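Engineer: Could you work out the structure for the sequence below:
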Amino acid sequence: MHDELPGAAHVVIIGGGIIGCSIAYHLTKAGVKDVLVLERKQLTSGTTWHAAGIVGQLRPTRSWTELARYGVELYKSLESETGQATGFKQNGSLRLAQQPGRFEELKRACTFALSLGIEAHMRTPREINQQCPNLRTDDLVGGLWVPSDGQTNPTDTTMALAKGARLNGARFFEGKVTGISVERARVGGVEVDGRSISADFVINCTGMWAHETGRWTGTPVPLHAVEHFYIVTEQVPGLPNNFPVIRDNDNGVYYKEDAGKLLIGATEREAKPWAMDGIPNDFCFDELAPDYDHFLPSIESAFKRIPSLADIGIKTFFNGPESFTPDQRMQLGPVPGFGNYYIAAGMNTVGIQAAAGIGKVISEWITEGFPSLDVSDSDIRRNLHFFANKQYLFDRTIESVGAHARHPLAL
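Structural biologist: Numbers count the residues shown, from 1 in each chain. Sure thing, here's the model as predicted:
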């Protein structure tokens with residue numbers, strides 16, 4: 001972090017999670033040198049630090065799949081480019097299907113992947129068992145294997161993006177932004193630590209704070225934080241370093257290798273909204289109180305899928321916040337009514353996977369006027385018909401956060 005806060009910058013990015021750092025990285029790579037990133041506490045201290053770090057490629061649309069594939073390619077080269085370790089490895093992913101309908105979905109996903117040049121293979125229960133002997137497969141119809149998917153360390157990857165941005169001229173400062181100034185349908189800059197910083201562009205990358213940040217300019221950003229859980233087991237004897245990421249979508253559970261242990265997470269059927277009265281001002285690398293009863297159905301599903309877990313202890317029970325939007329789509333792009341104010345928030349648990357692509361499209365929006373791929377399904381301007389009724393928008397967000405678990409490609 002720099003010591004002296006400047007009075008002006010061409011682009012001010014509010015938020016030092018992986019999204020803000022990726023945008024800074026891509027802007028400076030595109031030749032924009034005067035980029036300033038403002039982080040209220042420390043880089044990654046919001047929700048980035050506790051993410052699972054899964055980097056899959058298959059998304060619901062062609063554009064987002066291509067951007068996710070771009071992310072895999074970037075993460076592969078980021079360590080060698082910056083000298084900062086990222087922990088990225090391509091150990092592949094395996095999606096499971098218990099129901100014929102799910103299996104049909106996976107077959108279509110396989111065809112979709114192959115049409116985009118992503119290697120993918122359908123798997124029989126026997127082949128799944130041969131690949132992962134500890135998995136129960138007698139209740140499966142089959143699965144989908146994508147060998148080029150992977151995982152990464154969220155904090156290290158964010159630091160690598162930040163280092164790449166710094167090497168190309170970006171500046172990073174710790175300080176709480178308390179306001180955004182507006183001048184004739186444009187944002188003029190930000191207020192931080194009692195000082196004003198003028199800016200030609202401002203980007204709201206404040207994650208679960210994005211709704212609050214949006215209110216400074218009268219901009220509804222429909223998202224809300226919920227409690228999000230995972231467990232980490234004790235050491236699993238014989239667990240290979242290249243154990244694939246496993247997505248058991250019919251049960252809403254996922255598994256990934258974590259330094260010889262298993263990280264087991266889920267998207268619950270009924271999520272718990274958090275911080276209904278606002279996020280605490282001192283929030284920084286915080287964990288939320290455990291709720292064993294709430295997460296118990298997911299743990300039971302995991303123990304059924306991997307029966308040997310019954311003999312392995314749980315090392316960590318984690319509960320941390322994650323923000324979700326009403327339609328489980330991101331909030332991206334230029335804010336209606338302003339010529340130079342952008343949003344990049346509402347990740348719905350896929351922020352690590354999506355960060356590289358989001359950095360690319362936001363950078364293109366600012367430097368070229370439009371992104372190279374169609375991300376209109378996540379464009380914040382889709383909320384225009386809600387803007388006149390902000391209370392309805394807030395109520396709808398709270399109502400819908402519990403439904404995020406059932407998106408077919410959510411994990």
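
Engineer: Can you report how many residues neighbour the closest residue in space to Gln331 that isn't next to it in sequence?
Structural biologist: Nearest residue to Gln331, sequence neighbours excluded (CB to CB, 6 or more residues apart in numbering): Gly346, at 4.0 Å. Just so you know, the C-beta spots here come from the backbone N, C-alpha and C atoms, and that holds for glycine as well. Close neighbours of Gly346, defined as other CB atoms under 10 Å, add up to 27.

Engineer: now Arg126
Structural biologist: Arg126 has 11 nearby residues by other CB under 10 Å.

Engineer: Roughly how far does the spatially most central residue of the chain sit from Asn251?
Structural biologist: Centroid-nearest residue in the chain: Gly351, 1.2 Å away (criterion: CA atoms, centre = their mean). Counting by CB to CB, to the nearest Å, the gap from Gly351 to Asn251 is 23 Å.

Engineer: residues contacting the residue nearest to Gln331?
Structural biologist: Gly346 sits next to 210, 221-223, 323-325, 329-331 when contact means CB atoms under 8 Å, 6 or more residues apart in numbering.

Engineer: switch to 7 Å and redo it
Structural biologist: By CB atoms under 7 Å, 6 or more residues apart in numbering, the residues touching Gly346 are 210, 223, 323, 325, 330-331.

Engineer: for Ser148, same thing?
Structural biologist: By CB under 7 Å, 6+ apart, Ser148 lies in contact with 57, 72, 90, 118-119.

Engineer: Swap in 6 Å and give it another go.
Structural biologist: Ser148 makes contacts with 90, 119, as judged by CB atoms under 6 Å, 6 or more residues apart in numbering.

Engineer: Touching, Arg329 and Ser378? I think so.
Structural biologist: Yes. Here Arg329 reaches Ser378: they are 4.8 Å apart, a contact under CB atoms under 6 Å.

Engineer: Of those two, which one has the most company?
Structural biologist: Higher neighbour count among Arg329 and Ser378: Ser378, with 23 against 18, using other CB under 10 Å.

Engineer: Quick one, grab the pLDDT at the more buried one.
Structural biologist: pLDDT recorded at Ser378 is 95.

Engineer: any idea how far Val37 is from it?
Structural biologist: 22 Å.

Engineer: So which residues of the stretch 1-150 of the chain form helices?
Structural biologist: Ranges of helices in the stretch 1-150 of the chain, per DSSP state H, counting those that start in this stretch, are 18-29, 62-82, 100-115, 125-131.

Engineer: Out of those, flag the one nearest Asp277.
Structural biologist: Minimum separation from Asp277 across the helices of the stretch 1-150 of the chain (CB to CB) falls at helix 18-29, 25.2 Å.

Engineer: would you put the C-alpha positions of that closest one in CSV?
Structural biologist: Output of helix 18-29 as CSV, limited to C-alpha atoms (Å, rounded to 0.1, in the frame of the first residue of the first chain):
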residue,chain,number,x,y,z
ILE,A,18,-10.4,-10.2,-6.2
ILE,A,19,-12.9,-8.4,-8.5
GLY,A,20,-11.4,-4.9,-7.8
CYS,A,21,-7.8,-6.3,-8.2
SER,A,22,-8.7,-8.0,-11.4
ILE,A,23,-10.2,-4.9,-12.9
ALA,A,24,-7.1,-2.9,-11.9
TYR,A,25,-4.9,-5.6,-13.4
HIS,A,26,-6.8,-5.6,-16.7
LEU,A,27,-7.0,-1.8,-16.9
THR,A,28,-3.3,-1.4,-16.5
LYS,A,29,-2.6,-4.1,-19.0
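
Engineer: So what's the residue count around Val32?
Structural biologist: 20.

Engineer: roughly how far apart are it and Ile203?
Structural biologist: Computed as CB to CB, the Val32 to Ile203 distance reads 12 Å.

Engineer: Kindly report the same for Val146.
Structural biologist: From Val146 to Ile203 the distance is 32 Å (CB to CB).

Engineer: Mind checking which of these two has more residues around it?
Structural biologist: Neighbours were counted for Val146 and for Ile203 using other CB under 10 Å; Ile203 has more, 29 against 23.

Engineer: Would you double-check that the more buried one falls in a strand?
Structural biologist: Yes. Counting by DSSP: H, G, I helix; E, B strand; the rest coil, Ile203 is part of a strand.

Engineer: correct me, but it touches Tyr342?
Structural biologist: Yes. If you go by CB under 6 Å, Ile203 and Tyr342 touch, sitting 4.5 Å apart.

Engineer: Let me know whether Thr65 touches Arg59 as I believe.
Structural biologist: Yes. Look at Thr65 against Arg59 with CB under 6 Å: they come within range, at 4.7 Å.

Engineer: More neighbours: the two, which one.
Structural biologist: Using other CB under 10 Å as the criterion, Thr65 and Arg59 rank with Thr65 on top: 23 against 20.

Engineer: show me what contacts the more buried one?
Structural biologist: Applying CB under 6 Å, 6+ apart, we find Thr65 in contact with 58-59, 116.

Engineer: just curious, which of those residues is nearest to Arg95?
Structural biologist: Leu58 (8.3 Å).

Engineer: For burial, what's the neighbour tally of that closest one?
Structural biologist: 22.

Engineer: Distance of it relative to Val72?
Structural biologist: Using CB to CB, Leu58 is found at 11 Å from Val72.

Engineer: do Tyr25 as well
Structural biologist: For Tyr25, the distance to Val72 equals 16 Å [CB to CB].

Engineer: what do you get for Asn91?
Structural biologist: Applying CB to CB to Asn91 and Val72 gives a distance of 12 Å.

Engineer: Return the residues in contact with the residue nearest to Pro100 when sequence neighbours are not counted.
Structural biologist: Closest residue in space to Pro100, ignoring its immediate chain neighbours: Val141 at 5.9 Å, by CB to CB, 6+ apart. Val141 sits next to 97, 100, 103 when contact means CB under 6 Å, 6+ apart.

Engineer: Just give me the closest of these to Val182.
Structural biologist: Ala97 (50.5 Å).

Engineer: Whatever residue is furthest in space from the centre of the chain is in what secondary structure piece?
Structural biologist: Most distant from the centre of the chain: Arg184, at 33.5 Å, with distances by CA atoms, centre = their mean. Following DSSP states H and E, one finds Arg184 outside all helices and strands.

Engineer: What of the one 4 residues further on?
Structural biologist: Secondary structure from DSSP H and E places Gly188 in strand 187-192.
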